[in-house]
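S.K.: after the sequence you'll find the predicted model.
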Amino acid sequence: MSRHSRPILQQTGMQSLVRYGADVTLLSTSTSKTISSVFHLNNTSATRELSVYLDGQRLRQECHPTYLGVTLDRTLSYRVHWTKTAGKLKNRNNLLMKLACSTWGTSANTLQSSVLALCYSAAEYCAPVWSRSAHTSQVDVQLNSTMRLISGTLHSTPLPWLPVLSNIEPPALRRKAATDKLVEKIVKHDSWPIQPNILSPPLLSLTSRNPSWLDLQPVDIKSRWKHNWKSAQVVNSHLVCDPTIRQPGFDIPRQQWSLLNRFRTEQGHCGACRRKWRLTDTDLCPCGETQAMSHIVESCSLTKLNGGLSWLHSADEDTVSWLTS
């Protein structure tokens, strides 16, 4: 195709688009609301703008157009969309933090319901589109903060503990489940134009890309979560046999719930952790030994609980009374 024939083809294509809008949809095209965008991987032409005309007027080019709530970029990496979503989640986490610190509505049940409605609904919008992007960690960081609000744990808590204590599936598994659900729908509808692209996908031309059709095998979230938990090398993982169920103490008051989870994860305001965080110069307990979270509940002569950490994990009335005192 010669360079001189391209404007003619572009003009013909735009005229066909205008006729389709007028004849089929009975809608007129607004040049002030219509934009043009181009998607490619040529970095040398990243700032180049196309001259696309409609009814004699040049259309404004948008580098990051938004379509159905998803912000696109030139390489379809969805980096801009992730950045916006992460900022939105950060603001909502700040709002939920006020709820978690208040004297009412601070139970784990209330926080979990609020988190699923405010944060996860925004974080998982159109998840099958961008779930395999290389920039998902931006949102995962904010979701980790969200789960810390529910569990009352500290920033140093091992990440595998967060979904277990908040009773919410790990973000990666939730995105995989959403993708599997959409693929199942596509397979059942032969009339959908997207079905051939999923069942008979094109050859992978770029090794850096990770399209969804590379992993169409459905996954049972609970089974995968159990497998990941058993293989995770985290402290006190033996306390939890089934990570998919609510852990004991989910309904106790906020203060005792947070303290219980800090004993479970061994990340709390003890002498060893405070010295590690450079908040104090000594890690000694009043009894004279090194004060770790496990030492407080199991071996300290001043504070130990009969039955130790395993009994504390049950969160019965006696253990809640011990946490309160």
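M.R.: Looks like it came in fine.

S.K.: where does pLDDT dip in the stretch 51-200 of the chain?
M.R.: 102-105 (pLDDT under 70).

S.K.: all helices of it, in order?
M.R.: All helices of the stretch 51-200 of the chain, identified by DSSP state H, counting those that start in this stretch, fall at 79-101, 108-115, 121-123, 127-130, 137-151, 161-166, 171-188, 195-199.

S.K.: deepest in the core, which of those is it.
M.R.: helix 161-166 (a mean of 26; mean count of other C-beta atoms under 10 Å). (Glycine included, C-beta is placed from N, CA and C.)

S.K.: what packs against it?
M.R.: Helix 161-166 makes packing contacts with helix 108-115, helix 137-151, helix 254-265 when contacts are defined by 3 or more C-beta pairs under 8 Å, 6 or more residues apart in numbering; DSSP states H and E.

S.K.: ok, 6 Å please
M.R.: The helices and strands touching helix 161-166, judged by 3 or more C-beta pairs under 6 Å, 6 or more residues apart in numbering; DSSP states H and E, are helix 137-151.

S.K.: which residues are contacting stretch 185-202?
M.R.: Stretch 185-202 has contacts (C-beta atoms under 6 Å, 6 or more residues apart in numbering) with residue 213.

S.K.: now it - C-alpha only, CSV.
M.R.: What follows is stretch 185-202, C-alpha atoms only, in CSV (Å, rounded to 0.1, in the frame of the first residue of the first chain):
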residue,chain,number,x,y,z
LYS,A,185,-19.8,-18.4,29.2
ILE,A,186,-17.9,-17.8,25.9
VAL,A,187,-17.7,-21.5,25.2
LYS,A,188,-21.4,-22.0,25.6
HIS,A,189,-22.3,-19.2,23.1
ASP,A,190,-21.3,-20.1,19.6
SER,A,191,-22.7,-16.8,18.2
TRP,A,192,-20.3,-14.7,20.2
PRO,A,193,-17.5,-13.3,17.9
ILE,A,194,-14.9,-13.8,20.7
GLN,A,195,-15.3,-17.5,20.8
PRO,A,196,-12.9,-18.4,17.9
ASN,A,197,-10.2,-16.2,19.5
ILE,A,198,-10.5,-18.3,22.7
LEU,A,199,-10.9,-21.8,21.3
SER,A,200,-8.6,-21.3,18.4
PRO,A,201,-6.2,-18.5,19.5
PRO,A,202,-3.6,-17.0,17.2
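
S.K.: re earlier: now the helices of the stretch 51-200 of the chain as a markdown table including distance to residue 54?
M.R.: Shown next, in a markdown table, are those (distance: least, C-beta to C-beta, whole Å):
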| stretch | distance to residue 54 |
| --- | --- |
| helix 79-101 | 25 |
| helix 108-115 | 45 |
| helix 121-123 | 34 |
| helix 127-130 | 27 |
| helix 137-151 | 36 |
| helix 161-166 | 49 |
| helix 171-188 | 33 |
| helix 195-199 | 29 |
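
S.K.: give the contact list for residue 144.
M.R.: Applying C-beta under 6 Å, 6+ apart, the residues near residue 144 are residue 162.

S.K.: all numbers from here: first residue = 423
M.R.: New numbering, starting at 423: the last item is residue 566.

S.K.: and it, how far from residue 528?
M.R.: 20 Å (C-beta to C-beta, to the nearest Å).

S.K.: tell me the pLDDT of the closest residue to residue 652 other than its chain neighbours.
M.R.: Leaving aside its sequence neighbours, residue 652 sits nearest to residue 659 (C-beta to C-beta, 6 or more residues apart in numbering; 7.9 Å). Model confidence at residue 659, given as pLDDT, is 92.
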